[in-house]
Every structure is written in structure tokens, then in C-alpha cells.
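1. Predicted coordinates and the sequence they were generated for:
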Amino acid sequence: MDRSHLPPTCSSNIYCHGPLLDTVQMAGLYNDSKTFVDMKLKLSADITMDHFHEMMARTGSHPTKADIQEFVNQNFDPEGSEFEDWRPTDWKDNPAFLQNIKDPLLHEWAADLNRLWLQLGRKMKPDVKANQDLYSIIYVDNPVIVPGGRFREFYYWDSYWIIKGLLLSEMRSTAKGMVSNFMDIVERIGFIPNGGRIYYAMRSQPPLLIPMVKLILDDMDDIEFLRQHIHTLDREYDYWMTNHTIEVNHNGHRYTLARYYDQSQGPRPESYKEDVDVARHFDSNDKKEELYAELKAAAESGWDFSSRWFILNGTNKGNLTNLKTRSIIPVDLNAIMCWNAQLLRDFHTRLGNVDKAEYYRNVHARFMDAIEQVLWHEDVGVWLDYSLESGRRRDYFYPSNVSPLWAVCYDQARKDYYVNRVVNYLDKVKVDIFDGGIPTTFEHSGEQWDYPNAWPPLQYIVVMGLANTGQPEAMRLASEIATKWVRSNFEVWKQKTAMLEKYDATIFGGLGGGGEYVVQTGFGWTNGVIMAMLNRWGDTITSADAFGTGAAVDSGAVYGAHVGASGVATAILVVLASLAAGTLGLMVYRKRKDYIRVSGGEDYKLLSRKPYTELRSLNGASNPRQR
Ligand SMILES: OC[C@H]1O[C@H](O[C@H]2O[C@H](CO)[C@@H](O)[C@H](O)[C@H]2O)[C@H](O)[C@@H](O)[C@@H]1O
């Protein structure tokens, strides 16, 4: 397909396309390509371009790395220059959900996580609004909680779990402010970009704004907020229906289903060199542009990158040159679209908009049917992604295969049947054999959304999807997975005093890795997911099993086994052992709290006795020139 008529990733000839971006990014000045595109211009874009042309003329268009570094130093301020100090005014140190957590170590940890919001808040300087052209950050009125590390701006789908956590922390005005920002952005841009930077403005991320509003309404029941923004929610949904759906012919019927897509030219500015290097594999400009589109569509999915989007001879083998994201119908995106339609139906019903409610009832029914007919597989007992290339299912394990449970997009009249089949499926693929959580896939490609990495949002989708069915076997499995996840995250916290964006499913307390940047700390969605799990299972999860090992065995199961085998005396011993381990652990844990680790680009650095307030400035100093 000819893509030459498409716009660049944004109009800025500094941050999104053109010779300056190409020259600086291809010089590889920084360990992380995102560093440069997050820097602030010292002077206007025009003057900066003049300086760039002068530098090119002076060097005969062959500048050395030192020339380019000098040009950047003279014309740009470091990344992070857009923020001013901000302490969330609604933060409190003892939100009620902490009382649900019985284990003393986990209780203390949850209080620490609550404190982490103070490090992850970002408020823009007024100058960003006045001089937007000098910045790549997209101006928003209200402060936001960011994921952390290199992710200094809002991220669309991350915000769902961040808001979940904020509401547990009773930071209602921060949570509502973030949702208000999104409403404003939909009105200004027409949809929500992948993240809060102009270089993300031609692609989105999994559409979770409508579920975010549901979180807000469940917490505050603010019908006026809903009334004020309902048209914006309609608009966001329309954007996805218009730009991301496709007709699928299946068994003689036509179904409308959603996929990730891209409508821009060029590499991702924030990973420019990485994309250009992969594109060298292709000889024509058209083929390179096709690759860039697949890379950007994969980034839109939130799973950047994964063998989930590889198609090679009909399989999921291969590498980034085999990306075919746009040719795959993903279960989770369609489950979310279906869920959104149901939520919009409910919202309009509450507001008395009968016609709109009826419209969304129809949309929801069509998604339910399409998901059932095209994505559900009776013989496998689960939903599977679908390849538009082959017209066949992709029978590979992904946690997203069970996302219709989370989104409640299956026939409720046959709930027990679906839930039993899905529990059997999870049993068959042995999701429970991993010590550190559920892996993203079973493919070891080296990409970050592949084996052995385990990601917080995926654990949440599986766990809450199972738990919310109310079916005993599903709830037992949910509590088992949640216990394992909490303990493994806690193990990392004990070792590094850090929450990570991803972990290693195969190792209890293992760190995630792979992909194109080092594992990041912070971390917005990780904190939100742990808080949600502790809130729900805090009365039963213990930080270690009865033997104090923290091994990935559900404590309830261990307790039950002992009661069955040796009677009440053993049970009492087990409980006493747990309490002793908890108290001892708390003492050790308190001692360790003098240390904080941050990701400093290459690896963890131990920074002894740094108070939390310094963490933010340390995180902001990831520019090598500043170290
Ligand atoms: O810079 C590379 C990519 O980084 C982001 O992706 C990862 O972090 C996001 C923030 O936590 C998360 O939403 C995403 O699922 C991760 O894979 C960014 O979203 C990508 O667009 C970007 O290319």
C-alpha cells in the first residue's frame, strides 16, 4: 500500500520527523532514544532549525558525534524540564483500605506503596501552556500520576490501574483530574494518544477511558460529572469504531471486529534508531513504511513488542521483521470494545438518553455475537486471537485469551459453562507452574511482552476476570494467582525497595527484562494492581507461607492441607509459625527501609539513606550529561 499521502507522527520537524531528528537520533547520543525527544527547546523551532542548518553547513553535512552532542547541548534543556514540584493535596498517609490487610509486613508495604504516589506525581509549569512549541509534552491542566522512570508523562492504558490505586488511596481529586485531562484531550485531539507526548499523537492505546469513568462513578457516584462528559465518551468510542474496526467474513457471515492500526508515516520518534535499524532488513521505502506501521500498531496495543504480533508461515515464530499487528484481531481489544458499549448503554440509561442507550445495546449485542462466533473456540475452551491473513485462529496461550471474563463479554445465561471451560483451559496450559506469576506468552523471543516476562495488567485481567465470576473454582484460582503475584512483587521490594514495570514469571522475585529499554521502576500500574489485590485478599494473603519461605504456594492451600493431614494441633503450629515469621520479617523489613534504589539508565544503583523526596530528582537525572 502506498503510504506517502499519510501525515508524519506529528507536525513538529524537531520532535517527529525531518533531518534534525534523523541526525540526532541516528547518532545514538543517549542510551535511551526517548531521552532526546523529551528535551525542551531553548529557543523557537525556527531558530533551532537555523542552528541545525548552520551546524550541518559547517561540517559539510558530516557532523561527528561530538558536533551533534554540542548542538543538542546548546539548543536543548534536559528532559524533565517541564515539571515543577508538586505534592498531591489529597494525599493521606492512612487510607482505609490499609485496614483490610492483616499481615503486618504486607500492611507496611501497602503503606509504602501509598507513599510512592508522592514520587510519581507530575505538574506542568505554566510555561508549557504558554509555549507549547518548546516542548514535546502535551499540555494538560491537572497534575498526573505517571508510570515512572523514563515514562514521565501519562500513558493511556496504564492510567486505568493507576486510577484504581489512587481511589484506594482516597486520592479522589487526583484521579478525577486525570480523567478530566483525558476528556479535554479527546475534545482537542479527537482521541487519547498512547501517551502524553506529541510524538504519540497518531496512535492510541487500549481504550480504557470509559472503564476509568466507571471507576470514578463507583467511587463517587457523581452523575453530574457523567452528564458533563458523556458526549466526549461517545466521541472516544466513535473514534475506535471508525478507525479501528474491520469486517470479518467468517463461516459465511460478516462480523465487525476491532484491531490495532496506524495511519502515519515514519519510525516511532522515541525509538527512531531502533526502528530504522530493523527497517534496514527491507530494500524498498514502501516495505520500510509497512514495517513502521506494524511497529506503531504494536505500540498501540500496549504489547510492544511481542511474538503475539508475529506472523511467519502462519506461526508466531520470527522477529520484528515479521510483525503483522494490523492483520490480527485481538481478543482483549474486542472484549474492551464490547465492555465499553455495555458501559455506555448503562451510562445513557442513567442519564435518561433512551435512544443512545438502545444504540449501545445493539453495538454491545453485535460485539457479543462476533466474539462468540469468531473468537470463542469450543474445542479449546477459550477465546483466541484471529488472523485476517489466514482466516484462522491463533492457538497460542496469552493471558488476554481470558479477557472476556474480565469484560463480562460472554453469555451470562451460560456463565458456569464458560467459566468451567476457561478454568480447565488455564489448568491445561499450566499457568500455575510458574513461581513469579503468569507469563505473557510461551515464546522466548527476547521482546518484552514475551516469555518469561509477567506484566501487572495481565495478572489483574486474569485474576479479576476469574474472581468476579463468583464461581468457587475460579475464585480459588484467582486467589492463588493473586497470592503468588503479591508475594513475588514483595520479594523484589524487599531486595530492591522498588516496584517494577514487569517481572520474571519463572523466578520467585525475578526482575523482568528484554525489549528496547532497561526495566523501569516506579511503577504506576504495578502499585495499583498490588493495592487492588491486597484490598481484595488482604484478609487471607500472607507475606510468607507457614514456613516463612514466601514460596509461591497459596497460604490457604498450605493451611488447608495441614489441617486435613494432621488435625488442629498442626494448624495451630502453622498459624503460630506464620505470626512469628511475620513479626520477625517486619523487624528486618523496617531496617531495610533505609535504602532506596532507582533505575539510573543502565542498572540499579544503591543510594543509601535517601529520603523518598529525593527519589524524584534522582529519577529526573537520567540525562548522562547531568550525572
Ligand atoms: O519507548 C518504547 C515504548 O514504550 C512504551 O511502552 C511501554 O511502556 C508503557 C508505559 O508503561 C506501556 O503502556 C506499554 O504497554 C509498554 O510496552 C510506549 O507505550 C510505547 O508506545 C513506546 O514505543
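-> Alright, I've got the coordinates.
2. Quick one: residues contacting the closest residue to the ligand within the stretch 301-450 of the chain.
-> Nearest residue of the stretch 301-450 of the chain to the ligand: G302, at 3.8 Å (C-beta to the nearest ligand atom). To be clear about C-beta, it is placed using only N, CA and C from the backbone, and glycine gets the same treatment. The contact partners of G302, taken as C-beta atoms under 8 Å, 6 or more residues apart in numbering, are W157, Q205, P206, P457.
3. quick one: which of those is nearest to M337?
-> Distance to M337, by C-beta to C-beta, is smallest for P206 among the contacts of G302, at 9.8 Å.
4. And the pLDDT for the nearest residue to that closest one once chain neighbours are set aside?
-> In this structure, P206 finds its nearest non-sequential neighbour in W157, 4.3 Å apart by C-beta to C-beta, 6 or more residues apart in numbering. The model reports W157 with a pLDDT of 98.
5. for the one 4 residues further on, same thing?
-> Taken from the predicted model, the pLDDT recorded for W161 is 98.
6. Isn't the residue nearest to P206 up against L208?
-> Yes - counting by C-beta atoms under 8 Å, W157 touches L208, with 5.3 Å between them.
7. which residues does N181 contact?
-> V140, D141, N142, V144, F154.
8. Just put those residues in a markdown table and tack on secondary structure, neighbour count and distance to D395.
-> Output for the contacts of N181, formatted as a markdown table (DSSP: H, G, I helix; E, B strand; the rest coil; neighbours: other C-beta atoms under 10 Å; distance: C-beta to C-beta, whole Å):
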| residue | secondary structure | neighbour count | distance to D395 |
| --- | --- | --- | --- |
| V140 | coil | 23 | 42 |
| D141 | coil | 10 | 47 |
| N142 | coil | 16 | 44 |
| V144 | strand | 24 | 39 |
| F154 | coil | 28 | 36 |
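9. coming back round to it: in the contacts of G302, find the pair that's most separated.
-> Q205 and P457 (11.0 Å).
10. Spell out which residues of this protein are next to the ligand.
-> 34, 147, 151, 155, 157-158, 194-195, 268, 270-271, 299, 302, 304, 501 (C-beta under 6 Å from any ligand atom).
11. Now, of these, which are buried?
-> Among the residues of the chain next to the ligand, those scoring as buried are 34, 147, 151, 155, 157-158, 194-195, 268, 270-271, 299, 302, 304, 501 (criterion: 16 or more other C-beta atoms under 10 Å).
12. closest to L233 among the residues you listed?
-> Closest approach to L233 among these (C-beta to C-beta): W157, at 16.3 Å.
13. For I185, list the residues it contacts.
-> By C-beta under 8 Å, 6+ apart, I185 lies in contact with I138, V140, I192, P193.
14. actually W493, sorry about that
-> Contacts for W493 were tallied using C-beta under 8 Å, 6+ apart; they are W109, D112, M499.
15. same check, this time on I137
-> I137 neighbours (C-beta under 8 Å, 6+ apart): D38, E82, M124, V128, R152, E153, G196, R197, I198.
16. Leaving out sequence neighbours, find the closest residue to it.
-> E82 (4.9 Å).
17. can you give me the helices for the stretch 301-450 of the chain?
-> Ranges of helices within the stretch 301-450 of the chain are 331-351, 354-370, 403-406, 415-428, based on DSSP state H, counting those that start in this stretch.
18. ditto for the stretch 451-600 of the chain
-> 456-467, 472-496, 524-537, 555-566, 568-592.
19. Thank you kindly, that will do.
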